[in-house]
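# For reference, the sequence and a predicted model appear below.
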Amino acid sequence: MDKKLKIMVVQGPNINMLGVREPSVYGAMKMEDIHAQMKIVADQNDIDIEFFQSNLEGEIVDKIQECLGEADGIIINPAAYTHTSIAIRDALSAVALPVIEVHISNIHRREEFRHKSLIAPIAAGQIVGFGPVGYHLAMIGMLQIFEQIKAIRANQENK
């Protein structure tokens with residue numbers, strides 16, 4: 001029997017403050033509520049999902065590295081580290097897994113320093129500005145990526 005596919009969800013600094021921090025920008029939904037909704041989608045699709053949040057860059061890098069051989073894809077909201085962390089980008093590149101970058105707000109409509117993402121060039125996709133539903137869109141995107149991977153594997157096995 002094939003092992004279940006697994007998504008690692010990595011949340012960066014201040015995401016644990018959702019529902020409290022600037023609700024006019026980030027909305028009223030708490031991180032735990034977003035995770036609960038993602039878990040429902042994962043369960044419906046027979047996918048394992050794990051959640052991790054840290055305000056510390058090194059802990060995020062460590063968690064990404066732990067994904068090697070353990071996860072099949074990463075959904076990440078690097079938050080403020082989006083614009084500054086070469087270390088997180090390098091860790092994502094090193095594990096060579098499909099990555100979807102999520103931002104609750106539209107980073108391109110905000111301050112100039114938020115417009116540049118160091119993660120986007122190595123990600124399969126970037127979802128911005130849809131509020132908490134962006135995580136649901138990321139789940140749909142990752143499920144599609146998994147279907148493509150399965151199809152490629154099936155083709156290789158049939159050759």
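It's in.
# can you give me the helices for the chain?
Taking DSSP state H as the test, the helices found in the chain are 23-26, 31-44, 57-66, 86-95, 133-157.
# which stretch among the ones you listed comes nearest residue 77?
Counting by CB to CB, residue 77 lies closest to helix 133-157 out of the helices of the chain; the figure is 8.0 Å. Using the backbone N, CA and C atoms, a C-beta is placed for each residue, glycine as well.
# Go through that closest one and flag the buried ones.
134, 135, 136, 138, 139, 141, 142, 143, 145, 146 (16 or more other CB atoms under 10 Å).
# Nearest spatial neighbour of residue 4, chain-adjacent residues omitted?
Closest residue to residue 4 apart from its sequence neighbours, by CB to CB, 6 or more residues apart in numbering: residue 48 at 4.9 Å.
# Wait, the one you found touches residue 5, no?
Yes: contact criterion CB atoms under 8 Å: residue 48 and residue 5 qualify, at 7.0 Å.
# Neighbour count: these two, which is higher?
Neighbours around residue 48 and residue 5, counted as other CB atoms under 10 Å, are more numerous at residue 5. The numbers are 20 against 15.
# Quickly list what residue 52 is bridged to.
residue 10 (DSSP bridges).
# Return the distance of it relative to residue 134.
Distance of residue 52 to residue 134, given as CB to CB, to the nearest Å: 18 Å.
# now residue 110
15 Å.
# same thing with residue 156?
33 Å.
# count of residues packed around the closest residue to residue 124 other than its chain neighbours?
Nearest non-adjacent residue to residue 124, counting by CB to CB, 6+ apart: residue 98, 4.9 Å away. A count of neighbours around residue 98, defined by other CB under 10 Å, yields 20.
# got it, and residue 96?
Neighbour number of residue 96 under other CB under 10 Å is 9.
# Flag the shaky bits of this structure, pLDDT-wise.
1-2 (pLDDT under 70).
# Swap in 80 and give it another go.
1-3, 22-28, 110-111, 113-115, 159 (pLDDT under 80).
# Go ahead and flag the most central residue of it.
With distances taken as CA atoms, centre = their mean, residue 75 lies nearest the centre of the chain, 1.5 Å away.
# Just the CA atoms of stretch 70-85, as CSV, please.
Extracted C-alpha coordinates of stretch 70-85, given in CSV (Å, rounded to 0.1, in the frame of the first residue of the first chain):
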residue,chain,number,x,y,z
GLU,A,70,8.9,13.3,5.6
ALA,A,71,6.6,15.6,3.6
ASP,A,72,5.5,15.7,-0.1
GLY,A,73,4.7,19.5,-0.3
ILE,A,74,5.0,22.7,1.8
ILE,A,75,2.4,25.4,2.1
ILE,A,76,4.2,28.4,3.7
ASN,A,77,3.3,31.8,4.9
PRO,A,78,6.8,33.2,5.7
ALA,A,79,5.1,36.5,6.8
ALA,A,80,7.8,39.2,7.3
TYR,A,81,10.5,36.7,6.4
THR,A,82,9.1,36.6,2.9
HIS,A,83,11.1,39.8,2.1
THR,A,84,14.2,39.2,4.1
SER,A,85,15.1,35.5,4.6
